[in-house]
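S.K.: build me a model:
(2 chains)
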Amino acid sequence: MRIATWNINGTKARIDGLLRWLRESSPDIVCLQEIKCTDDGFPADQFGDLGYNVAVHGQKGFNGVALLSKHPIEDVQKGLPPVGADEHARFLSGLISTADGALRVVSAYMPNGNPIGSDKFHYKLAWLRRLEDWAREELKREEPLAIAGDYNIIAEPIDAKYPDNWVTDALYTPEARQAFRRISALGLTDALRAVDDGGGIYTFWDYQAGAWQRNNGIRIDHIMLSPEAADRLRLAGVDRHVRAWEKPSDHVPVWVELA
DNA sequence: ATGGTTGAAACTCAA
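M.R.: Presented below is the predicted three-dimensional model:
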């Protein structure tokens, strides 16, 4: 079973590429971030035509996350507890029932947090604390769980082509990297790192300054697996070729294959 | 040091 995550940076602007990618890679479950539209504006019918059930937690203009699944989606949770703690649509969770049992899947869009030291930076760190609290409780269930999305964290130097360029960016601060380590230490496995820790694998290339052409990328989109899900991990990868398509997102899909 | 680009929606912000 294939689970993928993709920050599409706008549903309307990306619909052609998104449908093309869904047809070619046909993942069972897809976590989308930055859909940048309301629930009503999300083209659920077009995904339904490809055999997907849809859950959406949208917002006008910014943020917004969604789940697509060829299997039924149950027990949908919109927003990271405490739900009243922010107005941003950044967290959506669903229980996916498959032939091999239930699997909880989270589509998450972590705050960017720039500039360092600003209100946005403190919001980022507080949000990551809330995610850590949520994950700690959820892991007590000892069930298959995948927390997938745009973490907006460069966890290690090997996750950037030029790590020195990022030392003044919120994505590579000691605080953000520590938050990632705390979440990992709960018992979650970074699937791509587990399959290939050689570095040089990126999931985001800025639109500016020819970053894609220079392969000036960073790895910030992650699929984190509970022990019960990690036991079933067979493959993980990045669909970097879609970054060369017309009107691309600045992110590319990341995926895992579970037995 | 600066500027470089994109999306959504509004004449600017977030990334």
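
S.K.: show me what from the stretch 151-259 of chain A comes close to DNA strand B.
M.R.: A:207-209, A:247 (CB under 7 Å from any atom of the strand). Heads up, the C-betas are built off the backbone N, CA and C, glycines and all.

S.K.: save the residues you listed as JSON lines, and put in secondary structure and neighbour count too.
M.R.: What follows is these, written out as JSON lines (DSSP: H, G, I helix; E, B strand; the rest coil; neighbours: other CB atoms under 10 Å):
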{"residue": "A:Tyr207", "secondary structure": "coil", "neighbour count": "11"}
{"residue": "A:Gln208", "secondary structure": "helix", "neighbour count": "8"}
{"residue": "A:Ala209", "secondary structure": "helix", "neighbour count": "9"}
{"residue": "A:Lys247", "secondary structure": "coil", "neighbour count": "10"}
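
S.K.: list phi and psi for A:Ser69.
M.R.: Geometry field for A:Ser69 lists phi and psi as phi -150, psi 130, criterion degrees, to the nearest 10.

S.K.: and A:Lys161, by the same measure?
M.R.: phi -60, psi -40.

S.K.: show me what contacts it?
M.R.: A:200, A:202, A:214-218 (CB atoms under 8 Å, 6 or more residues apart in numbering).

S.K.: now do it against A:Ala4, distance only.
M.R.: 23 Å (CB to CB, to the nearest Å).

S.K.: likewise A:Arg193?
M.R.: 17 Å.

S.K.: same check, this time on A:Ala155
M.R.: 20 Å.

S.K.: just A:Lys120 next, same as before
M.R.: Taking CB to CB, one finds A:Lys120 at 28 Å from A:Ala4.

S.K.: neighbour count for these two, which is higher?
M.R.: A:Ala4 (24 against 14; other CB atoms under 10 Å).

S.K.: in stretch A:135-150, what's buried?
M.R.: By 16 or more other CB atoms under 10 Å, the buried positions in stretch A:135-150 come out as A:135, A:138-139, A:143-150.

S.K.: one more: stretch A:59-67?
M.R.: Result for stretch A:59-67 [16+ other CB under 10 Å]: buried residues A:59, A:63-67.

S.K.: now do stretch A:168-181
M.R.: Those would be A:169-173, A:176-177, A:179-180, for stretch A:168-181 by 16+ other CB under 10 Å.

S.K.: which members of the residues you listed occur in helices, if any?
M.R.: Applying DSSP state H to the buried residues of stretch A:168-181, the entries found in helices are A:176-177, A:179-180.

S.K.: about what we covered before: any chance of the residues of the stretch 151-259 of chain A next to DNA strand B in a markdown table, plus pLDDT?
M.R.: Formatted as a markdown table, these follow (pLDDT from 0 to 100):
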| residue | pLDDT |
| --- | --- |
| A:Tyr207 | 97 |
| A:Gln208 | 95 |
| A:Ala209 | 94 |
| A:Lys247 | 96 |
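
S.K.: which pair in the residues you listed has the greatest spatial separation?
M.R.: Taking CB to CB as the measure, those span a maximum distance of 18.6 Å, between A:Ala209 and A:Lys247.

S.K.: what about the closest residue to DNA strand B within chain A, neighbour count?
M.R.: Using CB to the nearest atom of the strand, A:Gly10 is the residue of chain A that sits closest to DNA strand B, at 2.4 Å. Other residues near A:Gly10 number 17, with proximity taken as other CB under 10 Å.

S.K.: ok so, going back, out of the residues of the stretch 151-259 of chain A next to DNA strand B, which is nearest to A:Ser26?
M.R.: Nearest to A:Ser26 among these is A:Lys247, at 21.9 Å by CB to CB.

S.K.: what about that closest one, distance to A:Phe47?
M.R.: Distance of A:Lys247 to A:Phe47, computed by CB to CB: 19 Å.

S.K.: about what we covered before: what's near enough to touch the residue nearest to the residue of chain A closest to DNA strand B when sequence neighbours are not counted?
M.R.: Nearest non-adjacent residue to A:Gly10, counting by CB to CB, 6 or more residues apart in numbering: A:Lys36, 4.5 Å away. The neighbours of A:Lys36, taking CB under 8 Å, 6+ apart as the test, are A:9-12, A:59, A:61-64.
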